[in-house]
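In: 3D, please:
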Amino acid sequence: MSVSFWAGVALRFLWRSWRATAVLAVMVAGAVASLTLLSALAVGVGDAMVRNSVGLYAGHLVGEPLPAGLDLAALHVPGVSAVLARGSAVGVLSRGERDGPVSLVVVDPEAEAAATALPRKAVAGRYLRAGEPAVFLSRPLAEALAARPGDTVSFAAPGRVDTTPLKVVGVYESGVDRLDRGVSFVPRGALPVSTPLQSVAVFLRAGVEPEAVRETYAGTLPEVAGRFRTWAELMPGLQELIELNYLSMGVVTALVFAVVALGVAGAFVIFIVQRLREHGVMKAMGVSAGETVLMLTLQVGLMSIAAAAAGTVIGVALVIALGHGGIDLGAFTAHNPYFAVSAVVYPRLTAFSAGLPPLLAVGFPLLAALGPARYVARRPAAEILRTL
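Out: Residues are numbered from 1 along each chain as shown. Predicted structure coming up:
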């Protein structure tokens, strides 16, 4: 007989036990909806960590060292939102009898303020303005110099006896140790020493992959394309953390549906015991073991597919609803450097978040159904009928 015939028989068996079928379907649908939302949230957490890490200061792509005569306009390829040129000068900052080593990053204040979040991390004063002889100090260095906005500090470069006075206009604390320790910022032209182009930070529009932009550079600027590195290469710890997050979510999803599958298998054992007479009569009428296994597997499969579809629709609707405003995790990320800019997470649907829960919701119960199906298929009709 055809699969469609046995699918109809399976549906009739499910309908005859509709209360138990409904309970199982709700259990599977609830698990799918919940795990679809949680998986999308895990993807959103990864997105937020990347967005915070690159948006604070670093950028999606960093090119260094670069030739001084590089035309920055050539780096504005499709998908690029901003290109920030930076120089640096090392030396000593002093104020009175206090001093400390510093790496001054020479920036274009207006471009930096438009593309990065570091100007918003000021804990005192304000950010830099173009052309002023000023410095934006890190908090640890400001404390070491006992300097506040409005004070004047002196910068001395190695090998030079003269010093450059710089007005402290602001103090920042980013929450990222490598930025807060010994790094401060000055506008271009504030130092008498030469600060040629040393690095470029490239910021991309949402959804643009850094590797794709680097491949574009390889075609348009082959002489410097090899000097660009993506955020994943610059921050391997962050990349590993995101992958671990996905792995953990996958393990949790598999464990949940393993438990759900055991519940489905147990329920179908009860179904079989309740309908044992029908199965015995069907076997006596000539239904083969393979057809019995097919019918019982179709019962589990049809119920699981319908429940998984309903759960996916519910889960997707929840993701869309929460994705507009996002979920603020600020209470849990106050000291996390990967959420230094914003703690708002936007759940996002991907093949991982939308595909894994329903796939496991169907696959695990089907595997679990093989045990009860074999139990009926392997018992002779006469033995089944004698036990009634």
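
In: what sits against Gly250?
Out: Phe352, Leu356 (C-beta atoms under 8 Å, 6 or more residues apart in numbering). For every residue, glycine as well, the C-beta is placed using N, CA and C.

In: and the residue nearest to Gly59 when sequence neighbours are not counted, what element?
Out: Once flanking residues are discounted, Gly59 sits nearest to Ala201: 3.2 Å by C-beta to C-beta, 6 or more residues apart in numbering. Per DSSP states H and E, Ala201 falls inside strand 199-204.

In: who are the packing partners of that strand?
Out: strand 61-63, strand 80-95, helix 210-220 (3 or more C-beta pairs under 8 Å, 6 or more residues apart in numbering; DSSP states H and E).

In: these: which one's closest to Ser154?
Out: strand 80-95 (5.0 Å; C-beta to C-beta).

In: counting contacts, what elements does the closest one pack onto?
Out: strand 98-107, helix 109-115, helix 139-145, strand 152-156, strand 199-204.

In: buried residues of the shortest one, list them for me.
Out: By that I understand strand 152-156. Residues Val153, Ser154, Phe155, Ala156 are the ones in strand 152-156 that count as buried (16 or more other C-beta atoms under 10 Å).

In: can you name the residues bridging to the residue nearest to Ala157 when sequence neighbours are not counted?
Out: Leaving aside its chain neighbours, Ala157 sits nearest to Gly91 (4.3 Å; criterion: C-beta to C-beta, 6+ apart). Gly91 forms beta bridges with Val102, as assigned by DSSP bridges.

In: next one: Gly91 from Phe155, what distance?
Out: Distance of Gly91 to Phe155, given as C-beta to C-beta, to the nearest Å: 6 Å.

In: need the overlap of contacts for the two.
Out: In contact with both Gly91 and Phe155: Val102, Leu104, using C-beta under 8 Å, 6+ apart.

In: what number of residues lie near Pro109?
Out: 20 (other C-beta atoms under 10 Å).

In: again with the one 4 residues further on
Out: By the other C-beta under 10 Å criterion, the neighbourhood of Ala113 contains 16 residues.

In: repeat that for Ala157.
Out: Neighbour tally, Ala157, other C-beta under 10 Å: 19.

In: for it, grab phi and psi.
Out: When read as degrees, to the nearest 10, the backbone of Ala157 gives phi -90, psi 150.

In: need the pLDDT of it.
Out: pLDDT for Ala157: 84.

In: so what's Ile189 up against?
Out: Check again: residue 189 is Gly, not Ile. Per C-beta under 8 Å, 6+ apart, neighbours of Gly189: Gly131.

In: so what pLDDT did the nearest residue to Thr216 once chain neighbours are set aside get?
Out: Here the nearest residue to Thr216 in space, its sequence neighbours aside, is Val77; by C-beta to C-beta, 6+ apart that works out to 4.8 Å. pLDDT for Val77: 92.

In: and what of Ala284?
Out: For Ala284, pLDDT reads 66.

In: mind checking the longest helix of the chain?
Out: Looking across the chain with DSSP state H, the single longest helix is helix 236-274.

In: run the chain-centre distance for that one.
Out: Distance of helix 236-274 from its chain centroid, counting by C-alpha atoms, centre = their mean, to the nearest Å, is 20 Å.

In: buried residues in whichever strand or helix holds Ala48?
Out: Using DSSP H and E, Ala48 maps to helix 18-53. Within helix 18-53, the residues that count as buried by 16+ other C-beta under 10 Å are 21, 24-25, 27-53.

In: where in the stretch 201-350 of the chain is pLDDT low?
Out: 265, 267-287, 289-290, 292 (pLDDT under 70).

In: quick revisit: ok, the residue nearest to Ala157 to Leu118 distance?
Out: 21 Å.

In: same thing with Val135?
Out: Distance of Val135 to Leu118, computed by C-beta to C-beta: 14 Å.

In: mind checking pLDDT for the closest residue to Phe203 other than its chain neighbours?
Out: Using C-beta to C-beta, 6+ apart and skipping residues adjacent in sequence, the residue nearest Phe203 is Ala82, 4.2 Å away. Listed pLDDT for Ala82 reads 94.

In: wait, the residue nearest to Gly59 touches Glu64, no?
Out: No. The pair Ala201 / Glu64 is not scored as a contact, 9.4 Å apart, by C-beta atoms under 8 Å.

In: tell me which of these two has more neighbours.
Out: Taking other C-beta under 10 Å, Ala201 and Glu64 do not tie; Ala201 has more neighbours (23 against 14).

In: residue contacts, the more buried one?
Out: Ala201 sits in contact with Tyr57, Ala58, Gly59, Leu61, Val62, Val83, Leu84, Arg86, Ala115, where contact means C-beta under 8 Å, 6+ apart.

In: which of the residues you listed sits closest to Leu359?
Out: Closest to Leu359 out of the contacts of Ala201 is Leu61 (34.6 Å), distances taken as C-beta to C-beta.

In: hmm, back to that, show me what the helix holding Ala48 is packed against.
Out: The contact analysis (3+ C-beta pairs under 8 Å, 6+ apart) places helix 18-53 against helix 236-274, helix 289-325, strand 344-345, helix 351-377.
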